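> Sequence and predicted structure below; questions after.
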Amino acid sequence: DGDLLSRTADAAVDGRKSTTAAAVVALDSNPPKGTRDFYPPDMRLRSWLFDQWRSVASLYGFSEYDAPVLESESLYTRKAGEEVTGQLYNFVDKGGRNVALRPEMTPSLARMVMAKKGGLPLPLKWFSIPQCWRYERMTRGRRREHYQWNMDVWGVSGIEAEAELLSAMVTFFVRVGLTSDDVGIKVNSRGVIAEVLAELGVPEDKFASTCVLVDKLEKVPLDEIREDLEALGLERSTIERLTSVLTNTSIESISGVLPPGSRAIEQLSALLDLCDAYGIRDWVTFDASVVRGLAYYTGVVFEAFDRRGALRAIAGGGRYDRLLETFGGEPTPAAGFGFGDAVIVELLRERNILPSFEGSGFDIVVFAMGSDLYRAAVEVASVLRAEGRTVDLILEDKKAKWVFKHASRNEAGYCVIVAEAEYENGEVVVKDLSVGEQRTVKIGALGDWAKEAFQS
Ligand SMILES: OCc1cccc(Br)n1
């Protein structure tokens, strides 16, 4: 029945029905394990956080850069037992290349600097907000991705770089409503460990792995680490000396246990003095137990923590003067930090200082009372948009009750109603949703009305 075309169309629909019938199992609507969807309210929160990070970076004269989320696995094949490289989200691509989703941004930054072979005018003050990945066995149900604000200074060997980074981090905390009662920043230098190991004759090539193991002392007892340290070839006496040095929480006390004239202590004292100059000294505290978990740190290291919670690390960073050499590049001093998007949001939520992002917050909802006025509503919306106002034009013939509910749920400022009687007088009804009052406005005067209503 019917001509060839319609018979063909019917067959196609029937064919699809049978295919659909076969695929009875519904699509799994969850995002991949360990990853998140960002619905509009979540995205507004994320954009707000990124805007805070970007404005602080800009305040400090940092420039934004980016690199592919996919990198060669070879950027991360450090053999120091770090968590971040032990949980690499790596695979072999269709060209047989060993690739990985970046677990951190610093190696990409180093690769970008290498690529310019000294052609970049130093110093660099660069920042980025990359999504970073890890493939952790879901036994711990932790996330596999996060966004991490990276701030780095390349080409400055003095602790002035670290002081600037600490100040930028504090400026962010203050900006989002946190004080030094909420958050502290522990500061130390891996130079302390380097000097102890040197004094005890431990070869330099044990340094990075020793630091990574010492970092684990935060989480696991010494007995478990002791074996690993001995496996590294450290004598028991060395381990005892190290652990005793790490318990120091004042420059004075540690100065007494280190060789006189320690460069690490000299630098830390200078850094703390600069923190005073920045007015952030009360945020910062010396703690010899902080070493951070990345193998490539070589000097000052620091970690922002929540003073009242489980002392979770909010952010961390430090100096990494040898990274470029490990990639075959020229010795180039560098320092930076990474600041994840998860702990800070939890902290702000706990402190009840996270802004709300439930509503779209557009300025105006425009709707026509009756579809024969829709064309007029389009003209009204266009005038208001030309004034730079964000307008949600109701696209269907909805009852006023529905529109007002929609407008207040979305925290809109005003409702502009195109109604027959007023329209015949060349007017529209404007309802101020914050106070519930309404008035009429000449269509020709809508531009002025918008300027005045939103002149804040
Ligand atoms: O901070 C370590 C890390 C790296 C990549 C992804 C996630 Br989630 N966490």
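Nice, I can see it. Residues are numbered from 1 along each chain as shown.
> How about the residues of the stretch 251-400 of the chain by the ligand?
Residues of the stretch 251-400 of the chain lying near the ligand by C-beta under 6 Å from any ligand atom: Gly340. Backbone N, C-alpha and C define where each C-beta goes, glycine included.
> which residues does Gln148 contact?
By C-beta atoms under 8 Å, 6 or more residues apart in numbering, the contact set of Gln148 is 104-105, 129-130, 132, 338-341.
> Looks to me like it is in a strand.
Yes - Gln148 forms part of a strand when assessed by DSSP: H, G, I helix; E, B strand; the rest coil.
> What residue in the stretch 201-350 of the chain comes nearest to the ligand?
Residue nearest to the ligand within the stretch 201-350 of the chain: Gly340 (5.8 Å; C-beta to the nearest ligand atom).
> Can you report how many residues neighbour that residue?
17 (other C-beta atoms under 10 Å).
> wait, what's in contact with it?
By C-beta under 8 Å, 6+ apart, the neighbours of Gly340 are 146-149, 314-315.
> that older thread, may I ask which of the contacts of Gln148 has the most neighbours?
Result: Met105 is most packed of the contacts of Gln148 (other C-beta under 10 Å), 26 neighbours.
> That residue contacts Tyr147, doesn't it?
No - Met105 is beyond contact range of Tyr147, at 10.5 Å (criterion: C-beta atoms under 8 Å).
> so what sits against both of those two?
130, 132.
> follow-up on the earlier one: name whatever forms a beta bridge with the residue of the stretch 201-350 of the chain closest to the ligand.
Gln148 (DSSP bridges).
> quick one: secondary structure of Val366?
Val366 - assigned by three-state DSSP - is strand.
> Check the spacing between it and Glu350 real quick.
40 Å (C-beta to C-beta, to the nearest Å).
> next one: Phe50
From Phe50 over to Glu350 (counting by C-beta to C-beta), the distance is 21 Å.
> residue ranges of the strands in the stretch 251-400 of the chain, please?
284-286, 300-306, 313-319, 334-340, 364-368, 391-393 (DSSP state E, counting those that start in this stretch).
> Single out the most deeply packed of these.
strand 364-368 (a mean of 26; mean count of other C-beta atoms under 10 Å).
> Neighbouring strands - and their directions - for it?
So strand 364-368, judged by DSSP bridges, has these partners: strand 391-393 (parallel), strand 414-418 (parallel).
> Quick one: end-to-end length of stretch 422-437, please.
The first and final residues of stretch 422-437 sit 16 Å from each other (C-alpha to C-alpha, to the nearest Å).
> Mean pLDDT per helix and strand in this protein: which one sits at the bottom?
Using mean pLDDT, DSSP states H and E, helix 4-22 stands out as the lowest-scoring helix or strand of the chain, at a mean of 59.
> Looking at the stretch 351-456 of the chain, what residue ends up closest to the ligand?
Leu354 (19.8 Å).
> which residue packs closest to Arg143, ignoring adjacent ones?
Gly34 (5.2 Å; C-beta to C-beta, 6 or more residues apart in numbering).
> for Ser269, same thing?
Ser269's closest residue in space is Ile251 (C-beta to C-beta, 6+ apart), at 5.9 Å.
> All set now, cheers.
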